[in-house]
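Trainee: got a sequence here, can you model it:
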Amino acid sequence: MPTSFWSVKGGAGVSTVAALFALAHAGRANPTLLVDLDGDQPALLGLAEPEGPGILDWAATPGRPADALHRISVEATPDLRVVPRGTREPAADAGEAAVALARQRASVFVDAGTATTPFERDLLRRSRQRLLVLRCCYLTLRAARDLDIDPTGVVLIRERGRALGPGDVESVAGAPIVAEIACDITLARSIDAGLLASRPPRSLLRTLAQASEAA
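Mentor: Predicted structure coming up:
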């Protein structure tokens, strides 16, 4: 089953976190598949905008084989492939998608964004690991109090000057912090230049590699 990332508010950095975890895992020569349900991974990783089908098109096609997910994926690095979002209306039930992803010969990471559609929420519930991306922000933590999907862990985006800390985050989320990512100028520049895949912050990837293996 996949490891999925989501947050309760937009702008939390879910797509960046999912990409970094996938890059860290793939950086150890592990075949890795990143499923993009939010639609931002091509721009984030410096890839061309996909013109073909994506995971939603696959889910809406009767009789779709599990190995078709690999065929519609695109290469980001030698060990990382990305399955684009697609354009079809998402299905309500993600059961077949979860089974197909579990059959992949690769570790699967899912960028579920804010998990607003029934398909995204169902796939999130079926994921082996559900990592909630949070900032130490009062409004974000206030929204996290009303979660109806239990996270297995939290990825904390650290920002200077916040009054709230990791203990507050773990208390509200009801799950341990599995990794912390600092808002860093080097990371911001890589993202803005579309170079996250080709020039990721090496020190950050080393930090996340152990967490990605555990996930």
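Trainee: mind listing the helices for this structure?
Mentor: 14-26, 41-44, 55-59, 68-71, 95-102, 118-126, 138-144, 166-173, 185-192, 202-214 (DSSP state H).
Trainee: for the fourth one, which helices and strands make contact with it?
Mentor: Helices and strands in packing contact with helix 68-71 are listed as helix 55-59; criterion 3 or more CB pairs under 8 Å, 6 or more residues apart in numbering; DSSP states H and E. Any C-beta I mention is one placed from the backbone N, CA and C, and that applies to glycine too.
Trainee: before we move on, what about the third one?
Mentor: Other elements packing on helix 55-59 under the criterion 3+ CB pairs under 8 Å, 6+ apart are helix 68-71, helix 95-102.
Trainee: now distance to residue 110 too, for those helices, in TSV please.
Mentor: Shown next, in TSV, are these (distance: least, CB to CB, whole Å):
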stretch	distance to residue 110
helix 68-71	12
helix 95-102	8
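Trainee: nearest to residue 5 among these would be which one?
Mentor: With distances scored as CB to CB, the stretch of the helices and strands packed on helix 55-59 nearest to residue 5 is helix 95-102 (14.2 Å).
Trainee: just the mean pLDDT for the closest one, thanks.
Mentor: Mean pLDDT, helix 95-102: 94.
Trainee: coming back round to it: which one of the helices of the chain has the poorest average confidence?
Mentor: For these, mean pLDDT drops lowest on helix 202-214, to a mean of 77.
Trainee: using CSV, list the CA coordinates for that one.
Mentor: Output of helix 202-214 as CSV, limited to C-alpha atoms (Å, rounded to 0.1, in the frame of the first residue of the first chain):
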residue,chain,number,x,y,z
ARG,A,202,21.5,17.1,-0.8
SER,A,203,21.7,17.6,2.9
LEU,A,204,17.9,17.6,3.1
LEU,A,205,17.6,14.5,1.1
ARG,A,206,20.0,12.7,3.4
THR,A,207,17.9,13.8,6.3
LEU,A,208,14.7,12.5,4.7
ALA,A,209,16.2,9.3,3.3
GLN,A,210,15.8,7.4,6.6
ALA,A,211,12.3,8.6,7.1
SER,A,212,11.4,7.6,3.5
GLU,A,213,12.8,4.1,4.0
ALA,A,214,10.7,3.8,7.2
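Trainee: quick one: residues in contact with it.
Mentor: 20-25, 27-28, 178-179, 181, 184, 187 (CB atoms under 8 Å, 6 or more residues apart in numbering).
Trainee: hang on, the earlier thing: identify, out of the helices of the chain, the most deeply packed stretch.
Mentor: The highest average neighbour count among these, using mean count of other CB atoms under 10 Å, belongs to helix 14-26 at a mean of 27.
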